[in-house]
Structure formats: C-alpha cells, structure tokens
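> When you get a sec, could you give me coordinates for this:
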Amino acid sequence: MSLIIGSKALKYNFPNLNRECKDIDIICNTSDIQYYINFLKPKDIKYNLPYSLILKDIQNKTDLFNTDNVEVLISNDNALSEYQAYEKSENGLKFASKETLFSIKKAHIHFPIKFQKHIKDYCLLYDELKGIDVLKDITKKHFSDTEERLGKLKTPSLKKSVKSFFDQSNGFVTSYFIHDDIHKVMSHYDSPLYERMQSNKENAICDKSLWDKFSFEDKCKCVLEEAMVIAIERKLLPMIFGQGPHWTSDKALEWSMMRICTLCSGWFRQFGTDNYFRICEYVNKNYFEDFLKKYKNDEIKKIKSNVFA
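Here you go, the predicted structure:
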C-alpha cells in the first residue's frame with residue numbers, strides 16, 4: 001500500500017506543469033520498506049527513523065522511478081496512514097489526488113523550508129480547489145505531526161502594547177529608523193493600512209472585524225506594506241548602514257513575504273499565504289529607491305540611538 005506524493009504526483013495531476021522531478025516521494029507502510037530497498041537497489045540509505053528514509057543513488061531505475069533518489073515516508077499511526085485510507089491505496093502504488101496534495105502542502109506551508117518551491121505548489125492547488133480543504137481534519141493532524149518532527153512554530157504574540165511588542169526585539173534587531181515612520185513613508189495611502197485595523201492605537205493587536213471591511217485590493221496592499229517595511233528594516237538598511245550582507249530589493253521582499261507566511265500567525269498569515277502571488281502583483285519594484293529618496297528629502301529621519309524608542 002503505497003502513495004506517490006510530491007512533485008511526481010503534482011506533475012501527474014497537472015500534466016502541462018513545467019516541473020522537473022528531482023526525486024520521488026512515496027508514503028508506505030513499514031512492511032513495504034524492504035520491498036522498495038530490494039527493488040530499487042540504492043547504493044546508500046539515509047535513515048531518519050521513525051519518520052522517513054532516503055534511498056540514494058538508485059541502481060534499478062524504471063519509467064516511474066527514474067530519479068537518483070527516492071524518499072520513503074513511513075506511515076505508522078499518523079496522518080500519512082489517513083491519506084492512504086482516503087485514497088484507498090490498498091494494493092500496489094497510486095498517485096495522490098489533488099485533494100491529498102493540497103492537504104499535505106497546507107500542513108507544511110507555514111514551515112520555512114524550501115518556501116519558494118512550496119508556495120508555488122500550494123497556490124496552484126489552492127486556486128484549483130477554490131481554497132476548499134476536504135481533508136481539513138487530516139491536515140490538522142499532519143500539521144501536528146510536522147510540528148512534532150520539526151519543532152513547534154514560534155509566532156510572536158500581538159497581545160501587548162506597541163512599545164512592549166517592539167521592545168522584545170532589542171538586542172536582536174538594530175533599528176536605524178522608527179518602525180512606524182518606515183510604515184508611514186511606505187504606505188499606499190495617506191496613512192498606513194494597519195492603522196485602520198487598530199481599535200486601540202496603544203496596542204499592537206489588530207481587529208479582524210476591521211480587516212474584514214477592507215477591499216481585496218487593500219488587504220493585498222496591507223500585507224505588502226508590512227512586507228516592504230520588514231524587507232527595508234531587516235535586510236536593506238543593515239546592508240546600507242551596518243555592513244550587513246548584500247541583498248537586492250527583490251530578494252529582500254521575497255524573504256519578508258516568506259516571513260509573513262511563516263512567522264506571523266492567524267488570519268493575516270493565512271491571507272498572505274493563500275494570495276501570495278496576487279499580492280505580488282501590487283509590488284512597486286522601486287520601493288527601496290523610493291524610500292531612499294524620501295530619506296534624502298528629510299521625509300524620514302534616521303534615529304541616533306540603535307535602540308528602538
């Protein structure tokens with residue numbers, strides 16, 4: 001009882017997808033592992049028990065198993081076994097359905113591992129299935145299994161004052177400008193969109209009922225404003241003022257979007273994830289150049305202390 005997932009199954013479900021399958025991922029029972037070892041004849045095996053093993057440098061390649069490596073994910077009273085049950089893969093080998101692939105991607109997408117690859121697959125499946133996860137209970141279990149394997153996701157709490165929220169970064173992040181000032185000069189409108197979500201300006205937490213009143217475009221622009229500020233504050237300013245590593249503005253924004261989709265939590269993160277590429281359609285490619293022009297024109301002033309005040 002085995003189930004092909006990953007890029008190979010995605011390509012099966014979307015034949016016109018331009019995707020190279022560098023390896024093959026399969027879900028199988030413990031009792032079937034030796035069969036694949038004997039059949040595929042790998043030169044080496046990398047064990048990550050009890051979760052998986054990688055059969056490396058396959059010697060007995062076939063039309064199906066035509067990659068150098070095959071990763072075997074072990075189903076053992078976990079969510080993987082429930083995917084097998086859903087697919088009714090009782091005998092032989094079967095390609096996972098779009099529904100199963102979406103569930104697996106949804107359970108993994110907030111972990112910052114190969115994010116750019118996974119977000120493309122996630123959004124493809126999200127749009128194909130209109131965002132409906134028919135396996136939501138299995139998705140939830142698989143997310144828990146993934147946290148057990150990779151470690152619990154650490155997301156910052158917004159249930160505190162604005163000052164306390166930013167004070168928690170002291171000693172970890174060097175501040176060259178006041179965070180809210182960067183928001184103001186990067187806002188799409190007269191004021192930052194996040195301010196429209198604050199029922200109490202003294203608290204960092206945002207009100208979802210106010211967010212729900214936004215148009216779709218303003219929701220996209222709100223996520224993008226936050227992404228631009230993070231990119232400028234965490235990557236581009238340290239490069240300019242602090243001898244930090246080199247970043248292009250495109251790569252910095254890509255990194256900050258990944259952070260929003262992984263480090264944040266709740267409905268804001270989910271909107272950013274579900275609409276990742278639609279949000280990117282609103283990107284101003286010259287956003288950092290615009291920031292530097294405003295700095296040169298004294299529209300935003302650099303702070304003297306490196307400690308946020």
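
> From here on, just use CA atoms for contacts and neighbour counts.
OK.

> give the contact list for residue 153.
111, 147, 263 (Cα atoms under 8 Å, 6 or more residues apart in numbering).

> Just give me the closest of those residues to residue 47.
Using Cα to Cα, residue 147 is the member of those that lies nearest residue 47, at 19.3 Å.

> Take the contacts of residue 153 and keep only those in helices.
Residues of the contacts of residue 153 located in helices (DSSP state H): residue 147.

> Could I have the PyMOL command that selects the buried members from the contacts of residue 153?
In PyMOL, a selection of the buried entries from the contacts of residue 153 looks like this (16 or more other Cα atoms under 10 Å):
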select buried, resi 111+263
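
> quick check, nearest of the contacts of residue 153 to residue 199?
Closest approach between these and residue 199, by Cα to Cα: residue 263, at 23.3 Å.

> next one: phi and psi at the closest one?
Torsion angles at residue 263 (phi, psi; degrees, to the nearest 10) stand at phi -80, psi -40.

> I figured it was touching residue 154, is that so?
Yes. Assessed by Cα atoms under 8 Å, residue 263 is found in contact with residue 154 at 6.9 Å.

> What are the buried residues along the helix or strand hosting residue 57?
Secondary structure from DSSP states H and E places residue 57 in strand 52-58. Going by neighbour count (16+ other Cα under 10 Å), the buried part of strand 52-58 is 52, 53, 54, 55, 56, 57, 58.

> Mind listing the strands that strand pairs with, and their directions?
Using DSSP bridges, strand 52-58 pairs in its sheet with strand 42-48 (antiparallel), strand 69-75 (antiparallel).

> tell me the most buried of these?
Greatest average neighbour count among those goes to strand 69-75 (a mean of 23), per mean count of other Cα atoms under 10 Å.

> Next, the buried residues of the helix or strand following that strand.
For strand 69-75, the following helix or strand on the C-terminal side (DSSP H and E) is helix 79-87. Buried residues in helix 79-87, counted by 16+ other Cα under 10 Å: 79, 80, 81, 82, 83, 84, 87.

> about what we covered before: can I get the contacts of residue 153 in CSV with distance to residue 176 and pLDDT?
Output for the contacts of residue 153, formatted as CSV (distance: Cα to Cα, whole Å; pLDDT from 0 to 100):
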residue, distance to residue 176, pLDDT
111, 29, 92
147, 35, 90
263, 22, 85
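
> possible to save the contacts of residue 153 as JSON lines with distance to residue 285?
What follows is the contacts of residue 153, written out as JSON lines (distance: Cα to Cα, whole Å):
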{"residue": "111", "distance to residue 285": "27"}
{"residue": "147", "distance to residue 285": "35"}
{"residue": "263", "distance to residue 285": "24"}
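
> Specify which member of the contacts of residue 153 is nearest to residue 184.
residue 263 (22.7 Å).

> do you know how far that closest one is from residue 141?
20 Å (Cα to Cα, to the nearest Å).

> before we move on, back to that, identify the farthest-apart pair in the buried residues of helix 79-87.
79 and 87 (12.6 Å).

> Just put the buried residues of helix 79-87 in CSV and tack on pLDDT.
Below are the buried residues of helix 79-87 laid out as CSV (pLDDT from 0 to 100):
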residue, pLDDT
79, 96
80, 96
81, 95
82, 96
83, 96
84, 94
87, 94
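
> Burial check on residue 15, number of neighbours?
Residues lying near residue 15 (other Cα atoms under 10 Å) number 10.

> And residue 136, by the same measure?
By other Cα under 10 Å, the residues close to residue 136 number 14.

> Please report phi then psi for it.
Residue torsions, per degrees, to the nearest 10, at residue 136 are phi -60, psi -30.

> what's the closest non-adjacent residue to it?
Spatially, and ignoring its direct neighbours in sequence, residue 136 is nearest to residue 103 (7.0 Å; Cα to Cα, 6 or more residues apart in numbering).

> What's the local residue count around that neighbour?
Other residues close to residue 103 by other Cα under 10 Å number 25.

> How far away from the center of its chain is the helix or strand harbouring residue 272?
Under the criterion of DSSP H and E, residue 272 resides in helix 266-274. Distance of helix 266-274 from its chain centroid, counting by Cα atoms, centre = their mean, to the nearest Å, is 10 Å.

> So which elements touch that helix?
helix 115-128, helix 216-231, helix 249-262 (3 or more Cα pairs under 8 Å, 6 or more residues apart in numbering; DSSP states H and E).

> Let's test this: mean pLDDT of the helix or strand following it, rounded?
Using DSSP H and E, the helix or strand that follows helix 266-274 in sequence is helix 276-280. If you average the pLDDT over helix 276-280, you get 97.

> Check which helices and strands the very next helix or strand once past helix 276-280 is in contact with.
If you walk from helix 276-280 toward the C-terminus, the next helix or strand you reach (DSSP H and E) is helix 287-296. Packing contacts for helix 287-296, counted by 3+ Cα pairs under 8 Å, 6+ apart, involve helix 179-186.
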